[in-house]
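1. Provide a 3D model corresponding to the input given below.
(one chain, ligands or ions: 2)
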Amino acid sequence: MLIRNIKGLVQVRESIVHQVAGQAMADLPVIDHAYLTISGGVISGFGPMSEMPQMSAADEIDASGCFVLPSFVDSHTHLVFAASREEEFVMKIKGATYEQIAARGGGILNSAKKLQQASEDELFERSLQRAHEIMRTGTGAVEIKSGYGLTVRDEIKMLRVAKRIARHTPLTVRTTFLGAHAVPAGIKKEDYISLIVREMIPAIAAEQLADYIDVFCEQGFFSVDETEKIVKEGKRFGMKPRIHANQLHRSGGVQVGVKVGALSVDHLENIGVEEIEVLKNSRIMPTALPGAAFFLGLPFPPARTILEAGLPLAIASDYNPGSAPSGNMPLMVALACIKMKLTPEEAINAATINTAAALELQATHGSITKGKVANVFITRPMSSLAYLPYAFGSSLIDQVILGGKRYNI
Ligand code: NIG
Ligand code: FE
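-> Ligands and ions are numbered 1, 2, ... in the order given. From the prediction side, this is the model:
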């Protein structure tokens with residue numbers, strides 16, 4: 001495949017870059033008036049049009065006026081769920097808080113009830129639609145968590161569905177076991193933690209269903225000590241940690257994430273100087289989920305302070321039925337610009353190369369680099385790259401190419 005006359009080929013890296021941090025996040029390499037070639041499902045060449053080799057390809061695309069970007073890597077989602085929760089949305093509009101809704105049997109337990117009642121096939125069909133939806137909005141690789149099963153059988157069911165999505169779509173999928181998302185009704189927390197440790201983790205590991213382990217470290221959910229205990233057990237079974245940290249309170253989630261060597265700490269709506277200092281001494285990827293902060297009316301993570309400290313930042317969607325019912329990565333990039341004061345360049349770095357690093361996919365995803373998986377999208381004609389987050393909510397993706405093949409949007 002040959003894409004020619006590209007107005008701007010974005011996120012071009014000659015070699016594999018692990019991540020970008022601090023001031024370097026402002027640099028987003030772009031080739032103006034460029035071409036891109038794809039063969040065997042991988043990026044085979046690119047450069048300015050003036051250097052395009054004489055060639056004819058079976059599939060040629062003229063991208064005059066358009067930008068080409070590497071597909072987004074969405075490093076935090078809960079896209080396997082049984083049903084939406086717009087009834088809670090209305091409660092929230094009328095003033096109920098996330099915690100009040102959870103206390104009234106809504107929230108995660110509401111999703112768990114619905115998921116437990118759905119068959120694996122039903123769950124797959126519903127989740128597959130969401131996978132197609134995120135492909136249409138430019139996502140090429142995605143992390144999917146369990147956490148709405150809360151029984152051995154249903155946590156396994158969720159992760160099997162996530163694996164089926166990987167087999168039935170061109171998406172690259174990473175899976176995370178989040179049994180410690182909430183304590184089911186009618187069971188003591190310590191007994192549920194025992195169930196996670198003694199039964200869920202070994203059963204999930206035996207089927208190789210999870211790359212990672214996550215805990216919702218939050219007041220009213222799992223404490224710092226409980227988080228540490230659970231992820232340590234996951235690590236013994238080969239699941240690397242990532243933590244839901246500091247969403248609603250200064251929960252100590254960041255500190256425990258650093259202590260256990262997590263790959264990422266995600267949310268960060270409630271962090272201060274101490275957490276930033278702790279992050280500075282780690283290799284962790286701080287990850288903001290602007291859709292959740294927006295939907296719940298929470299403070300947005302202090303992105304500028306994070307970058308000023310020389311740290312990297314990633315941006316993911318948190319696609320889930322309770323706190324972020326959208327997996328639209330262009331919208332997340334727009335929110336990061338509008339609400340977190342990232343520049344378009346910083347936000348695109350955060351949603352491509354840094355999310356790829358957060359999922360250990362930096363060798364294959366997240367940039368236009370020879371040999372990487374040919375996951376790219378072509379925008380509609382745009383006056384400049386900044387138009388993408390500026391025109392928030394607009395549908396600006398015209399063509400999606402995943403694994404070197406056109407995906408019909
Ligand atoms: O990432 N914070 C915890 N989990 C999800 C929300 C879960 C839900 O309400 O269903 C999140 O925001
Ligand atoms: Fe989440």
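2. Could you report the neighbour count for residue 258?
-> Using other Cβ atoms under 10 Å, residue 258 has 20 other residues around it. (C-beta placed from N, C-alpha, C; glycine too.)
3. let me redo that: residue 362
-> Residue 362 has 22 nearby residues by other Cβ under 10 Å.
4. Without its sequence neighbours, what residue ends up closest to it?
-> Spatial nearest neighbour of residue 362, excluding adjacent residues (Cβ to Cβ, 6 or more residues apart in numbering): residue 356 at 4.9 Å.
5. Tell me, how many residues neighbour the one you found?
-> Residue 356 - counted by other Cβ under 10 Å - has 30 other residues nearby.
6. In contact with the closest residue to residue 343 other than its chain neighbours, which residues?
-> Nearest residue to residue 343 in three dimensions, chain neighbours excluded: residue 26, at 6.3 Å (Cβ to Cβ, 6+ apart). Residue 26 makes contacts with 343, 345, 346, as judged by Cβ atoms under 8 Å, 6 or more residues apart in numbering.
7. what pLDDT does residue 26 get?
-> According to the prediction, residue 26 has pLDDT 98.
8. what residues does the protein put near ligand 1?
-> 107, 108, 111, 216, 244, 247, 292, 318, 320, 321, 322, 323 (Cβ under 6 Å from any ligand atom).
9. quick one, phi psi at the fourth one?
-> As for residue 216, its main-chain torsions (degrees, to the nearest 10) stand at phi -80, psi 90.
10. For it, which residues are in contact?
-> 147, 178, 180, 181, 182, 222, 244.
11. Looking at those residues, which is nearest residue 91?
-> residue 182 (17.7 Å; Cβ to Cβ).
12. For this protein, which residue gets nearest to ligand 1?
-> Residue of the chain nearest ligand 1, by Cβ to the nearest ligand atom: residue 322 (2.1 Å).
13. Isn't that residue up against residue 111?
-> Yes - the criterion here is Cβ atoms under 8 Å, and residue 322 meets it with residue 111 at 6.6 Å.
14. Just the buried residues of stretch 81-100, please?
-> Under the neighbour-count criterion of 16 or more other Cβ atoms under 10 Å, stretch 81-100 has 81, 82, 85, 88, 91, 92, 96, 98 buried.
15. In helices, which of those fall?
-> Mapping the buried residues of stretch 81-100 onto helices (DSSP state H) picks out 88, 91, 92, 98.
16. Let me know the closest of the residues you listed to residue 164.
-> Of these, the one sitting nearest to residue 164 (Cβ to Cβ) turns out to be residue 88, at 27.8 Å.
17. Show the contacting residues for that closest one.
-> Residue 88 touches 96, 101, 106, 107, 110, 322, counting by Cβ under 8 Å, 6+ apart.
18. which residues of the stretch 151-300 of the chain score low on pLDDT?
-> Along the stretch 151-300 of the chain, the model assigns pLDDT under 70 to no residue.
19. Could you report the neighbour count for residue 5?
-> 15.
20. ok, now residue 363?
-> Quick note: residue 363 (other Cβ under 10 Å) scores 14 neighbours.
21. and what of the one 10 residues further on?
-> Using other Cβ under 10 Å, the number of residues around residue 373 comes to 24.
22. And the pLDDT for the residue lying closest to it once chain neighbours are set aside?
-> Distances taken as Cβ to Cβ, 6+ apart place residue 364 nearest to residue 373, at 5.1 Å, with adjacent residues excluded. Reading off the confidence values, residue 364 has pLDDT 98.
23. Alright, calling it a day.
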